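# Following is a predicted model, sequence given first.
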Amino acid sequence: MDLQEVWKKLEHDKLEKPVLGAIEIRKKSKHPVQKLKRNYLYTTGFSVLFLIGFIILFFLFDEWLVKGGLILVILSYIFYLITNFSMYRKIQVALPVDGNLKAALQHTHDFITDNIRFQKLTSIFIYPIAGVSGFMMGGAIGSGNITKMMQNKYVLISMLVTIAILTPLSHWLASWMYKISYGKCLTELKERIAELENPA
């Protein structure tokens with residue numbers, strides 16, 4: 001076999017055989033997958049800060065009603081901290097360079113979308129608890145006797161009205177924050193997937 005035949009065989013193998021392996025996206029990359037992973041790390045950091053804040057508040061109040069509400073809020077923030085950090089760990093930035101690239105990107109998009117939907121759904125149950133805790137903290141500071149204050153029907157009505165207003169408002173604010181943190185990146189990722197589906 002002469003050199004020309006060897007060259008032709010190499011060219012044929014190069015065209016026929018798929019490229020295998022994976023390429024890792026650099027941490028400073030502007031690729032949407034890397035930005036989504038980075039945003040989950042930021043969200044984890046904010047969860048830690050809020051968690052520390054609520055733990056400090058727990059030790060500042062003596063009333064058991066306030067402490068009980070704060071314990072539930074603290075537990076919810078521990079849950080979201082673990083969830084966000086778990087998402088940060090699970091998002092893969094080592095993407096395959098063969099035909100599975102589109103499937104990997106689609107999996108990442110669906111995985112993150114489902115997680116955001118899950119967090120928004122579970123947070124609906126947390127907002128009323130946080131609202132009650134905040135209301136009781138304000139009452140404890142103002143009246144000094146939270147147990148007696150909670151026996152007043154007008155106080156209870158005020159608390160229910162406050163929760164009814166704050167819950168949907170908090171849900172809307174959280175949705176807006178998710179859109180800012182992840183929405184643009186998910187849209188960019190969807191565009192990358194569409195490019196792979198319909199290459200120019």
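Ah, there it is.

# quick one: low-confidence parts of the chain?
Along the chain, the parts satisfying pLDDT under 70 run over 1-29, 96-99, 144, 199-200.

# all strands for it, in order.
22-24, 94-96 (DSSP state E).

# Show the end-to-end separation of stretch 133-151, please.
Distance across stretch 133-151, first residue to last, is 16 Å (Cα to Cα, to the nearest Å).

# which residues touch that stretch?
The contact list for stretch 133-151 (Cβ atoms under 8 Å, 6 or more residues apart in numbering) reads 57, 61, 63, 65-66, 69-70, 72-73, 155-156, 158-159, 162-163. Every residue, glycine included, has its C-beta placed from N, CA and C.

# Just give me the longest helix of the chain.
The single longest helix within the chain, with elements called by DSSP state H, is helix 101-143.

# Any idea how far that helix is from the middle of the chain?
9 Å (Cα atoms, centre = their mean, to the nearest Å).

# swap in stretch 188-200?
24 Å.

# what residues are up against Lys102?
By Cβ under 8 Å, 6+ apart, the neighbours of Lys102 are 193, 196-197.

# Can I get the buried ones among these as something I can paste into PyMOL?
In PyMOL, a selection of the buried entries from the contacts of Lys102 looks like this (16 or more other Cβ atoms under 10 Å):
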select buried, resi 193
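
# what about Ser181, how many neighbours?
Close neighbours of Ser181, defined as other Cβ atoms under 10 Å, add up to 18.

# which one is it nearest to, not counting chain neighbours?
Asn39 (5.0 Å; Cβ to Cβ, 6 or more residues apart in numbering).

# can I assume that neighbour is in contact with Gly183?
No - Asn39 is beyond contact range of Gly183, at 10.4 Å (criterion: Cβ atoms under 8 Å).
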